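Visitor: Need the 3D shape of this:
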Amino acid sequence: MRQRDGDGMTTGITGSSEPMGDSTDGTEEETGVAFDPDATGVIPRLPRLDGSDSPASGSSAEVTDGDDEKEETGTRPALRLPATLHIGTPPKAPEGAKDTPAKDSKGTGGSKGRKDAAPKPAAPEPAADDGAAGTVPTKVAAPYASVPEAAAPQAIAPQTAAPKAAVPEAAVPQAARPQGARPQGAAPQAAEPRAAAPQAAAPVARLSVEAPPAPPAPAKAPVEPAAAPPAKTAARTPVETPAQPPAKAPEKPAPAKTPGPGGRVSRLVRSAPTWLPALLTVEGLVMYVLALRVPPGPLRGVNPADINGLGLIAALPASAFAAILIMLVSFFVTVAQSTDRKFLLLFQIAVITFALHGAGSLVASEPRFPTAYIHAGFVDFIGRTGETAINIDARMGWPGYFALFAFVTKAAGITDMTTILQWTPLLTNLLYLLPFVLILRQVVATTRARWFAALLFVLVQWIGQDYFSPQGFTFALYLAFVAILLRWFGRVEPRTKPIAPKGLRKLLGRLDAMTPGEIANTGTFRADRLLMLMMLLALFFAATASHQITPFMMLGVLTAFLIFKRTKLTWALPFFLGLAVLAWISYETVGFWAGQIDAIFGGLGRILTNLQTNTGDRIAGSDPAHALVLKARLGILGAILLLAAVGLLRRLRRGVFDRASLILLCVPVLALGLQSYGGEIGLRIYMFALPGACLLAAYAFFPNLPADSADVREETVPIRKRNVRFNPELTRKLSVVLAACFAVLFAGAFLIARYGNEKFERVTTGEVAAMHYIYAHDKPSARVLYLTAKEGPEVTPTLPWGEKDIELVNFNGQALVFKDPTQTAKAVAALKASPRNSYLAVSTGQISYLQLNEGFPADWGARFRAALDASPEVKKVYSNSDAALYTWKKFVKGTEIPDPQPYKGRGDPTSPWTPVGLAALALTWASMFGYEVIRLNGPNRAVRARRVLLWVSIPAFAVAVGVIIERFIYIASNT
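Guide: Next up, the predicted model:
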């Protein structure tokens, strides 16, 4: 139930998202305004269960039985009947008798009270006299049952010792008829045996009902007996019922006529909303697959040669765009319906995900994105050796993801990971939908807002971190972590403190007093919460062992939830998890940070520098067509943030404060002050901020609160009465149309932003073949030099490198090149300075990267290869249309190929206090975990035990953190 503070503000909801019946301005609201999903208006007032709106509580409102019809003239007041009433089996009503049952407010017949208002007990009323001859003797046994006036019985007969007699069905009070009984006046069905039994000579059945004695009436003059009352009035006195003849069995109904072709077509057209969206979705899917997979031709097929600076969108046929449009239209046709068709909507979003995120997999002949191949090489290395090698690559210091796939591939007998690399982007995005939909179920939003947020999450997720990588995998863990926090540990409490009279405290108080934007689940068992707590820890530990940034995002969200009171967990958990992250970095990644402390902490606080590295530096110097790709990415970012701001304001105007969504949007931005992360920290921030941004952006179109029904067939209107501006039907349609237009725009921008780098991110068969040539000649070792326009540690090869033998092949060589393709001196010098068995790789991916990002000429690749072929110092050992390999032509006699660098180090350095730190870590984790588990029972359970665990964990935590700091200082100074 909602509560109100002194100012009349809504204080919150618990457990469900019930519509609110009170306006925020304290005015009386209208009750006859029709509900509309997206229009403005008011919420009608509902009577309270606690009786606060009853006359007894001082309110003018009165709880009624739901019957809005006026009482007919001459009828009696409602009678007080016993709670249990036994009536004989009624026979068929006499011919000519007309039954007019009272109708409820919905017009369905019968008296039906409101389901949220209980009937009020009333004082005994005197028996009324409507002028009939004589009165009914009454004798009532407590307790009483209240019968609405409109449902007063037509005739009442007592239960006597005589055999049960037939009573006209019209005389049976509706309040006494069991559920499912045949309506009054309806024809008897053939299955009723009582209709066929003879009722002749049956005695009259009478019902004796006594009401409380009436007060003595004032004396009146003698009045002549009234004439015979009408049938409806006389039925209230004992009446003898004549014997009824046996009822004839009803005739067998004639078989229904089969509708003709016209009728079937008409019925099919009327049912189009149920089957048309699914048909359009399947049609769009088949059309899209055919458009991308068939041989190139007019309006179909994809020719890789057509890919230019705009990326894959330049090569897509028109039929592919038409198929995407059909899928989007089918989605909004389903969303516009009044029912929540969950499975169909989820299927439609999955199909749209396949079309957008699976386009690269459908078109490419080899797995796309070169960095995925080095990750496959890590899996291959761990599977062969059973060890990690952080001295080969720093990413091996977080080997959780690679170890998982090494176990899976080895157990399944998989030796070629090409198929896994090919379809990982699509499968990863489908995996994201599961926890994100669970997050959407925990917010107070309409059906349209939730599903549109899920669609936005698919349309604006162009970031490209969904390839075979730890980042893509741990982002799914992050979404699951947030979903568990909201679903099993969410906290929503109404505000009880008074609002300050003025200043910033008044603003914060009004925000705190608004309706929460989240749903708190209070019906979970302790065993379920304990299981979910273990799941939270498992997700966090898996992310800690797999990726550098994701654990900090999880920790930030948990801490913000605690600060803004959106979780039932305690402060022991963030200290527990934060210590786990620090311990992993300190004890498990020593080989990474021992010699490069500045690389780790050098970017702290340099927000503007990191922002410039991730935005301006990426646009400057780009090809004009490719610059549009980068601007499209920034445009999507600006549009989604603008929509999120509009959605937040529209929700605030409706008295809803979405704290969880704001936390999910704002916490990732704090990572901008950490470090540039190789110039990609901005991309990571955008990806982690997407869940909150998409949810708030959906509120820009559908900001209303949901109706209190399972399928959400209707949606409530805004709380404030003065928001009424447009026709509700118009605003509902307008919101859906605007959302559909933005979805189409985002879909087109996605194809540009996501596949704008396709010219150098796609991997060709010739490039893979060139790398396989190196793997076949890497004994005992080999080295590969790649082309770059600027040397530096953050530049990585744009070729499918490291898929095999990562301990034998060194890919760290850089060959500096210039816009003049004839200037090969620097590249040849780098090759000459390298040891024997070194290769200079020239590939189409590297050439395309230099053309689009460094402004190299269009014919640079062919001319550069021709200059190398003409050089007397190098020779070409492998060549195809996509790649070529060059080595030094003449080596000094007697030089040998060097042995590979050993991947086993001399052992991780340690410090004198390391054993003490390990003991303190174990004690801290044990005490904090015990504290959190005991706290699951409630805030007042085992207070003394929790206090003891807290006093044990505090000094142990201080010692553990102190040893971690000591290790950083000692090892860094002695390395």
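Visitor: and residue 629, how many neighbours?
Guide: 24 (other CB atoms under 10 Å). All C-beta spots, glycine's among them, are computed from the backbone N, C-alpha and C.
Visitor: What strand or helix carries it?
Guide: helix 624-653 (DSSP states H and E).
Visitor: Now do the buried residues in that helix.
Guide: 626-630, 632-633, 636-637, 639-641, 643-644, 646-648, 650-652 (16 or more other CB atoms under 10 Å).
Visitor: again with stretch 657-667
Guide: Quick answer for stretch 657-667 (16+ other CB under 10 Å): 657-665, 667.
Visitor: before we move on, the earlier item: what mean pLDDT does the helix holding residue 629 get?
Guide: For helix 624-653, the mean pLDDT works out to 91.
Visitor: for that helix, packing partners?
Guide: Counting by 3 or more CB pairs under 8 Å, 6 or more residues apart in numbering; DSSP states H and E, the packing neighbours recorded for helix 624-653 are helix 616-619, helix 659-666, helix 681-699, helix 728-755.
Visitor: averaged over its residues, what pLDDT does the third one have?
Guide: What it means is helix 681-699. Per-residue scores along helix 681-699 average to 92.
Visitor: Which strands and helices lie in contact with that helix?
Guide: helix 418-440, helix 447-459, helix 470-489, helix 607-614, helix 624-653, helix 659-666.
Visitor: buried set for that helix?
Guide: In helix 681-699, counting by 16+ other CB under 10 Å, buried: 681-699.
Visitor: what's the answer for the last one, then?
Guide: In terms of neighbour count (16+ other CB under 10 Å), helix 728-755 has its buried residues at 728, 731-732, 735-736, 739-740, 742-744, 746-755.
Visitor: So which residues of the stretch 301-450 of the chain form helices?
Guide: 318-336, 342-357, 359-363, 371-385, 400-412, 418-440, 447-459 (DSSP state H, counting those that start in this stretch).
Visitor: what sits against residue 821?
Guide: Going by CB atoms under 8 Å, 6 or more residues apart in numbering, residue 821 touches 857, 860-861, 863-864, 866-867.
Visitor: Equivalent analysis for residue 306, please.
Guide: Residue 306 neighbours (CB under 8 Å, 6+ apart): 314-315.
Visitor: Could you report the separation of it from residue 342?
Guide: 40 Å (CB to CB, to the nearest Å).
Visitor: same check, this time on residue 950
Guide: The value you get for residue 950 to residue 342, if CB to CB is used, is 44 Å.
Visitor: quick one on the thing from earlier: could you flag which of the contacts of residue 821 are buried?
Guide: By 16+ other CB under 10 Å, the contacts of residue 821 give 860-861, 864, 867 as buried.
Visitor: coming back round to it: and among the helices of the stretch 301-450 of the chain, the most buried is which?
Guide: Burial of the helices of the stretch 301-450 of the chain is given as mean neighbour count (mean count of other CB atoms under 10 Å); helix 447-459 ranks first at a mean of 26.
Visitor: so residue 506 touches residue 500, yeah?
Guide: Yes: the criterion here is CB atoms under 8 Å, and residue 506 meets it with residue 500 at 4.5 Å.
Visitor: Low-confidence stretches in the protein?
Guide: 1-259, 495-496, 522, 595-622, 673-679, 707-726, 892-894, 905-906, 975 (pLDDT under 70).
Visitor: Strands along that one, start to end?
Guide: Under the criterion DSSP state E, strands of the chain are mapped to 80-82, 144-146, 515-516, 656-657, 782-788, 809-816, 838-843, 874-879, 883-888.
Visitor: got CSV for those strands, with distance to residue 577 too?
Guide: Shown next, in CSV, are the strands of the chain (distance: least, CB to CB, whole Å):
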stretch, distance to residue 577
strand 80-82, 64
strand 144-146, 58
strand 515-516, 25
strand 656-657, 27
strand 782-788, 39
strand 809-816, 35
strand 838-843, 43
strand 874-879, 50
strand 883-888, 46
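Visitor: which one of the ones you listed lies closest to residue 288?
Guide: strand 838-843 (30.4 Å; CB to CB).
Visitor: Identify all contacting residues around the closest one.
Guide: 766-767, 770, 774, 782-787, 797-799, 813, 815, 827, 830-831, 861, 864-865, 868, 874, 877, 882-888.
Visitor: That one pairs with which strands?
Guide: strand 782-788 (parallel), strand 883-888 (antiparallel) (DSSP bridges).
Visitor: now for those, which one comes closest to residue 805?
Guide: strand 782-788 (8.2 Å).
Visitor: Hmm, residue 785 is touching residue 833, no?
Guide: No: taking contacts as CB under 8 Å, residue 785 lies outside contact range of residue 833: 9.8 Å.
Visitor: ok, those two, which is more surrounded?
Guide: residue 785 (23 against 11).
Visitor: one step back: closest to residue 957 out of the helices of the stretch 301-450 of the chain?
Guide: Across those, closest to residue 957 is helix 400-412 (CB to CB), at 24.7 Å.
Visitor: by contact count, what packs against that closest one?
Guide: Counting by 3+ CB pairs under 8 Å, 6+ apart, helix 400-412 packs on helix 371-385, helix 470-489.
Visitor: Would you mind saying which of those lies nearest residue 565?
Guide: Nearest to residue 565, of those and by CB to CB, is helix 470-489 at 12.0 Å.
Visitor: Can you tell me which helices and strands that closest one packs against?
Guide: Using 3+ CB pairs under 8 Å, 6+ apart: helix 470-489 touches helix 400-412, helix 418-440, helix 526-544, helix 550-563, helix 681-699.
Visitor: how does it look with 7 Å?
Guide: Applying 3 or more CB pairs under 7 Å, 6 or more residues apart in numbering; DSSP states H and E, one finds that helix 470-489 contacts helix 418-440, helix 526-544, helix 550-563, helix 681-699.
Visitor: and the angle for the third one with helix 526-544?
Guide: Think helix 550-563. 140 degrees (axes from the mean of the first three to the mean of the last three CA atoms, to 10 degrees).
Visitor: Which strands or helices does helix 550-563 pack on?
Guide: Against helix 550-563 (3+ CB pairs under 7 Å, 6+ apart) you get helix 470-489, helix 526-544, helix 572-588, helix 659-666.
Visitor: any chance of the ones you listed in TSV, with distance to residue 427 too?
Guide: Converted to TSV, the helices and strands packed on helix 550-563 look like this (distance: least, CB to CB, whole Å):
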stretch	distance to residue 427
helix 470-489	10
helix 526-544	18
helix 572-588	28
helix 659-666	24
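Visitor: Which stretch among those helices approaches residue 822 most closely?
Guide: Among the helices and strands packed on helix 550-563, helix 470-489 sits nearest to residue 822 (CB to CB), with 40.1 Å.
Visitor: which residues sit against the closest one?
Guide: 398, 401, 428, 431-432, 435-436, 438-439, 442, 465-466, 518, 521, 524, 528-529, 532, 535-536, 539-540, 542-543, 546-547, 550, 553-554, 557-558, 561, 567-569, 660, 664, 687-688, 691 (CB atoms under 7 Å, 6 or more residues apart in numbering).
Visitor: and residue 586, how many neighbours does it have?
Guide: 23.
Visitor: which non-adjacent residue is nearest it?
Guide: residue 964 (4.6 Å; CB to CB, 6 or more residues apart in numbering).
Visitor: What distance do you get for residue 381 to residue 627?
Guide: 39 Å.
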